[in-house]
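> sequence first, then the predicted structure:
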Amino acid sequence: MSESGIHALIGAQQERLSNLLQLLEQETEALLERDADKIESLLKQKLAQLDKIAGGDKELESHPQVADIKSDPQAMAGVTRCREILAECQVKNQHNNQLADQFLASLGRLQQLLNATRNPNALTYNQEGTTTTGGRLGKVIKA
């Protein structure tokens with residue numbers, strides 16, 4: 001492969017990283033909308049995209065002219081842009097993780113509220129301090 005081959009590989013990796021960033025932005029929207037089906041779909045797409053990125057990294061590592069990248073200003077600019085996009089992806093992923101944690105916490109509070117209204121006489125607390133409807137209450141007594 002020629003030097004333009006390494007440039008093409010770097011460009012393809014840049015495109016894969018940009019696609020990952022777009023998926024993360026869509027995931028943010030889905031988390032804010034609390035659309036579980038869309039979140040699940042995006043998760044599968046993200047995993048597939050991460051596999052493609054890993055494959056692109058292996059392709060770049062095994063390229064015969066990988067050592068020449070540092071002396072090629074155009075290739076270094078492409079690598080720098082890839083690193084910038086990757087950093088954006090990491091920030092966006094961390095933000096989405098926080099949103100997912102908040103989503104799960106609100107679901108936990110909703111579950112506690114539903115438990116309290118479903119059977120208030122059997123309401124008790126578990127080891128984590130959250131409410132539960134004591135499903136075993138009175139079943140272990142054999143008198």
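Received it, and whenever you're ready, just let me know what you need.
> look up how far L47 lies from E40.
Distance, E40 to L47, by Cβ to Cβ, to the nearest Å: 11 Å. Heads up, the C-betas are built off the backbone N, CA and C, glycines and all.
> likewise D72?
32 Å.
> higher neighbour count, the two?
Higher neighbour count among D72 and L47: D72, with 16 against 10, using other Cβ atoms under 10 Å.
> for the more buried one, grab phi and psi.
phi -110, psi 110 (degrees, to the nearest 10).
> tell me, what residue is most central in this structure?
Centroid-nearest residue in the chain, with Cα atoms, centre = their mean: N93, separated by 5.5 Å.
> would you mind finding the longest helix in this protein?
helix 73-118 (DSSP state H).
> what mean pLDDT does that helix get?
Here helix 73-118 scores 89 as its mean pLDDT.
> show me what that helix is packed against.
In this structure, helix 73-118 makes packing contacts with helix 3-33, strand 131-132, judged by 3 or more Cβ pairs under 8 Å, 6 or more residues apart in numbering; DSSP states H and E.
> figure out how far the first one is from the centre of its chain.
Spelled out, it's helix 3-33. Distance, stretch centre to chain centre, for helix 3-33: 14 Å (Cα atoms, centre = their mean, to the nearest Å).
> next one: stretch 82-90
That offset, for stretch 82-90, works out to 14 Å (Cα atoms, centre = their mean).
> now do the same end-to-end measure for stretch 66-82.
15 Å (Cα to Cα, to the nearest Å).
> buried residues, that stretch. List them.
69, 72, 75, 78-79, 81-82 (16 or more other Cβ atoms under 10 Å).
> any idea which of those is closest to E15?
C82 (9.9 Å; Cβ to Cβ).
> which residues sit in contact with that closest one?
C82 is in contact with 10, 13-14, 17, counting by Cβ atoms under 8 Å, 6 or more residues apart in numbering.
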